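Engineer: what shape does this take:
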Amino acid sequence: MSMRIQCTCGNVIVFNPAFAGEEVVCPQCGSGLPSPCAENLAPKASAKTWAPPVLGSTTGIIVILGALIWALMGVGVGTGDGEGALSAGSGTGAGQSGYGSKAGDGAVPVPQKQMGFAEVVQPKKPSPTNAGTSGASGGSDIFDMKGAGKKVVFVIDCSSSMRALSAEGSRLDSAKIALINSIRGLQPDIKFSVIFYNSRAIPMPGAKLVSATQANKTSTIAWIKTIASRGGTEPVGAMMQALNLKPDTVWLLSDGLFGPNVAGLIGKANKGATINTIAFHDPRGEVNLKMIAAKNRGKYRFVQAN
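Structural biologist: Coordinates of the predicted model:
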């Protein structure tokens, strides 16, 4: 190792550090120059940089694992508002769970029940009450019963017992719905009439057969809606008026009892019409109704309440 000093004449003198502290003579100008002291020739120590202590193998592994776990948990520590998987501190934390001093901050929310597929609600089959229709081939249908012919009369009970409750409101309401549906479905070449009865006959305005035009259907339906339930159950007068119209088919609906002589009176007055009978929501009158249907080439049906 050699040292260099520069003379005042500009000459650079190279000398051995072993002679540090002795006078050095410049060979160019002959000037004597003091050489640096030995203590000044020692290199200055550089600023120390911090280095982590060397840990033992077991301790190092524990520290590393702890750091990894802490990072995976994604903990946000602080007193301010924090968002993350976990939130620690006195502030409000938004996340899946929270550690905090305020009510609710540290509560773990209970998972809500997953919403499954909505249950498929099967539509109800049309009830007999709403089953009045008319086939494209003509005739009349009510309560899934078909009537033939081009002239049809509906004879419907509106006595006090028809006030009994049903799914549509009252028995009379249920009967009206089926009757209206049947009238709406009548083909234009059909003629029809409607007669209600309690203690007496209540014929539709005009008391005659009318063609199943849209205008006649509309006016008849409006009248049907005005009928109220009252009085007793006397179908003979209404049936006599119906048979006088010389229909092909008569529909007789009742929910009550009437005398056994009714079937004989109707049979004598009938000159060829088919009479179908319906016991409505109450089967107590089915003996007479079955007899009337059997003697007049008709069908009987009991329509149960919904």
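Engineer: domain ranges for this protein?
Structural biologist: 3-40, 128-303 (automatic domain parsing).
Engineer: got CSV for the ones you listed, with mean pLDDT and mean neighbour count too?
Structural biologist: Any C-beta I mention is one placed from the backbone N, CA and C, and that applies to glycine too. Compiled in CSV, the domains of the chain are given as follows (pLDDT from 0 to 100; neighbours: other C-beta atoms under 10 Å):
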stretch, mean pLDDT, mean neighbour count
domain 3-40, 68, 12
domain 128-303, 91, 19
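Engineer: look up phi and psi at Ile180.
Structural biologist: For Ile180, the backbone dihedrals (degrees, to the nearest 10) come out as phi -60, psi -40.
Engineer: just to check, it is in contact with Ile224?
Structural biologist: Yes - with contact defined as C-beta atoms under 8 Å, Ile180 reaches Ile224; the gap is 6.2 Å.
Engineer: can you pull the phi/psi pair for the residue lying closest to Ser31 once chain neighbours are set aside?
Structural biologist: The shortest distance from Ser31 to any non-neighbouring residue, by C-beta to C-beta, 6 or more residues apart in numbering, is to Cys7 (6.0 Å). With angles defined as degrees, to the nearest 10, Cys7 sits at phi -80, psi 170.
Engineer: I'd say Cys7 and Gln28 touch.
Structural biologist: Yes - counting by C-beta under 8 Å, Cys7 touches Gln28, with 6.9 Å between them.
Engineer: just to revisit the earlier point, contacting residues for the residue nearest to Ser31?
Structural biologist: By C-beta atoms under 8 Å, 6 or more residues apart in numbering, the contact set of Cys7 is Ile13, Cys26, Gln28, Cys29, Ser31, Leu33.
Engineer: just the CA trace of stretch 225-234, in PDB.
Structural biologist: This file holds the C-alpha atoms of stretch 225-234, laid out as PDB (Å, rounded to 0.1, in the frame of the first residue of the first chain):
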ATOM      1  CA  LYS A 225    -126.500 -10.000 -10.300                       C
ATOM      2  CA  THR A 226    -129.500  -8.200  -8.800                       C
ATOM      3  CA  ILE A 227    -131.200 -11.300  -7.400                       C
ATOM      4  CA  ALA A 228    -131.100 -11.800  -3.600                       C
ATOM      5  CA  SER A 229    -131.700 -14.900  -1.500                       C
ATOM      6  CA  ARG A 230    -135.000 -14.900   0.500                       C
ATOM      7  CA  GLY A 231    -138.100 -17.000   1.000                       C
ATOM      8  CA  GLY A 232    -138.800 -20.700   0.800                       C
ATOM      9  CA  THR A 233    -138.100 -23.400  -1.700                       C
ATOM     10  CA  GLU A 234    -141.000 -24.000  -4.100                       C
END
